[in-house]
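K.L.:
Sharing a model prediction with you, sequence too.
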Amino acid sequence: MNYAEQLVTVSVNEDSLFETAIIASPLTGDAPLTVAFTTHTEGGVAPFTYEWNLGDNSGVVTDKSTVHTYQFPGVYLVSLKITDLLGNIAEDTAVITVISPTLTTDILINGVSQDSVSGNAPLNVGFSSLVNGAIGTVTYQWTVANSVQTVYTSPASTALSSLNYIFGAAGTYTVTLQVTDSTGKSANDFVTVNVDPSSTVFSVNIVATTTGGGAPLTVGFVADVSGAAGQVTYDWSIMGPSGQSIFPADQGEEMVSKLPGFTYTFTELGNYIVSIVVTDEFGNMVSDHLVIHVDTEQGVSVAIKAVPQSGHAPLEVEFTAEVLSGNAPFTYSWDLDDGAASDKSSFKHIFEKEGVYEVTLTVTDGDGDSGIATVTINVKDTKTPVTSRKVVEWTNLKLLGGETYTPGDMIELLVNFKNQANWDLENVKITSIIPELGVKKSAGPFDLDQGDETTKILYLQLPYDAPQGEYDIRVVINNDGDDKIHRIKHRKITIE
């Protein structure tokens with residue numbers, strides 16, 4: 001094999017120009033600042049190698065051009081070193097100035113930038129934040145204060161960019177937000193919340209099974225509370241005939257005194273004052289009291305518990321005698337008004353035919369005293385079996401605000417239907433659900449007699465961060481009675 005050799009001579013002028021210039025844009029700006037770097041080179045023998053030092057300890061870059069983001073304020077010296085094929089070196093430097101931006105925050109009330117909001121107690125308000133000029137992570141701290149004191153302070157946390165708060169008592173409140181970024185800079189904003197007194201009166205009434213009788217007298221008490229804001233606590237007490245506190249008397253009774261209701265047996269003669277104090281979630285308090293009079297003569301007091309008291313034939317009813325006062329032992333005599341009778345304290349009986357039955361119970365105690373109670377049982381004609389579709393006749397299912405909404409809107413859904421069965425519906429419940437958004441609202445339970453029609457309006461609050469798109473509202477009508485129904489209808493909405 002023959003080889004040919006060729007000699008190539010390269011002449012290099014050592015005095016030839018080899019230089020470079022850094023081109024950076026922009027040279028200054030607020031943090032975080034993104035800068036594009038490249039170079040203009042004259043002379044030298046390709047190929048070239050590049051060595052960028054961007055001045056913030058981010059490491060060496062070996063590309064001809066690069067883009068880099070400076071996260072924090074400062075003055076950064078950028079250097080570039082280029083080496084050509086022959087080992088010649090060209091260098092240049094540039095200065096990048098990163099300015100600390102102004103940190104600001106704005107409180108949004110229910111998704112809207114405004115200085116104040118008003119409403120009746122209890123007032124539920126959603127607060128969120130809009131932050132500009134932050135460097136790195138941001139921590140949030142909320143405070144709620146009235147004219148007297150701070151009523152709420154949140155921990156400083158990166159997860160608390162929003163706050164939902166219920167104002168239970170009337171007054172003027174200042175809600176303040178402080179944000180702090182990674183450099184330690186802070187910014188504040190505040191809004192005012194004006195809370196008017198509740199449009200619903202907060203009250204309590206004591207309901208007692210009796211207010212007097214012979215000793216020993218057993219009385220059941222229940223607190224009937226209305227207009228409360230949030231959760232409530234109960235504090236019962238009983239004052240004896242001599243003015244002394246007799247209840248609660250020990251740790252067990254102390255626990256009972258915190259319940260919504262309880263039963264107490266009065267063993268001594270005289271007048272007793274039973275009192276209740278109810279406190280809602282925001283410290284509002286109401287009270288009530290009544291007098292229990294205990295006599296020497298212990299008469300017989302009796303009540304009937306009958307379940308159910310109405311229905312279709314054949315109707316099975318469970319009867320229970322409830323003796324409220326008297327001296328044991330007791331005897332029972334039941335007249336069921338259909339020719340049947342019983343001497344038991346509790347039993348079940350089937351009414352075979354349609355009709356109105358007046359059931360009478362006579363209880364005689366060990367002293368020979370008697371007490372009488374009655375209850376009416378309404379037996380309707382035999383039910384005609386029908387499907388849920390025929391029982392529930394949808395009259396109207398309408399979106400009162402149309403089909404298009406924005407995040408945070410309130411949807412008003414009108415539901416109207418009729419009971420087409422030949423029996424009464426019990427414990428009916430209407431539920432509307434938007435599954436994808438986790439929104440759910442219910443009405444009921446309520447009873448609907450045969451042939452009756454009902455109209456309900458359900459209010460569904462859309463989340464303030466609800467994504468755009470089309471969603472399905474599912475409306476379900478069902479009940480917990482003996483005759484189960486289950487009907488579903490759908491409506492479509494669009495969130496823009």
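P.N.:
Received, thanks. The model shown is predicted, which means the values in this text are computed figures rather than measured ones.
K.L.:
State the number of residues packed around the closest residue to residue 409 other than its chain neighbours.
P.N.:
Nearest in space to residue 409, with sequence neighbours left out and distances taken as Cβ to Cβ, 6 or more residues apart in numbering, is residue 462 at 5.0 Å. (C-beta placed from N, C-alpha, C; glycine too.) Taking other Cβ atoms under 10 Å as the criterion, the count of residues near residue 462 is 19.
K.L.:
Report the buried residues of the helix or strand containing residue 458.
P.N.:
Per DSSP states H and E, residue 458 falls inside strand 453-461. Neighbour-count burial for strand 453-461, counted by 16 or more other Cβ atoms under 10 Å, picks out 454, 456, 458, 460.
K.L.:
The third one pairs with what?
P.N.:
Just to be clear, that refers to residue 458. Residue 458 forms beta bridges with residue 413, as assigned by DSSP bridges.
K.L.:
Identify the residues contacting it.
P.N.:
Contact partners of residue 458, counting by Cβ atoms under 8 Å, 6 or more residues apart in numbering, are 412, 413, 415, 430, 432, 441, 442, 443.
K.L.:
who are the neighbours in contact with the residue nearest to residue 409?
P.N.:
Going by Cβ under 8 Å, 6+ apart, residue 462 touches 405, 406, 407, 408, 409, 410, 411, 437, 439, 495.
K.L.:
cutoff 6 Å now
P.N.:
Under the criterion of Cβ atoms under 6 Å, 6 or more residues apart in numbering, the contact list for residue 462 reads 407, 408, 409.
K.L.:
ditto for residue 340
P.N.:
By Cβ under 6 Å, 6+ apart, the contact list for residue 340 is empty.
K.L.:
What separation do you get for it and residue 376?
P.N.:
Taken as Cβ to Cβ, to the nearest Å, the spacing of residue 340 relative to residue 376 amounts to 16 Å.
K.L.:
Residue 202 - how many residues pack around it?
P.N.:
The burial count for residue 202: 20, using other Cβ under 10 Å.
K.L.:
Cross-check the contact I'm expecting between it and residue 227.
P.N.:
Yes - between residue 202 and residue 227 there is a contact under Cβ atoms under 6 Å: 4.1 Å.
K.L.:
List of residues touching the helix or strand encompassing residue 237?
P.N.:
Assessed by DSSP H and E, residue 237 sits inside strand 233-239. The contact list for strand 233-239, computed with Cβ under 6 Å, 6+ apart, reads 223, 245-247, 257-258, 260, 272-279.
K.L.:
and of the residues you listed, the nearest to residue 178?
P.N.:
Taking Cβ to Cβ as the measure, residue 178 lies nearest residue 279 of the contacts of strand 233-239, at 31.9 Å.
K.L.:
Give the full set of residues in contact with the closest one.
P.N.:
Listed by Cβ under 6 Å, 6+ apart, the contact set of residue 279 reads 233, 285.
K.L.:
Residue 83: neighbour count?
P.N.:
As a burial measure, residue 83 scores 17 neighbours (other Cβ under 10 Å).
K.L.:
Read off the pLDDT value for it.
P.N.:
Among the per-residue scores, residue 83 shows a pLDDT of 95.
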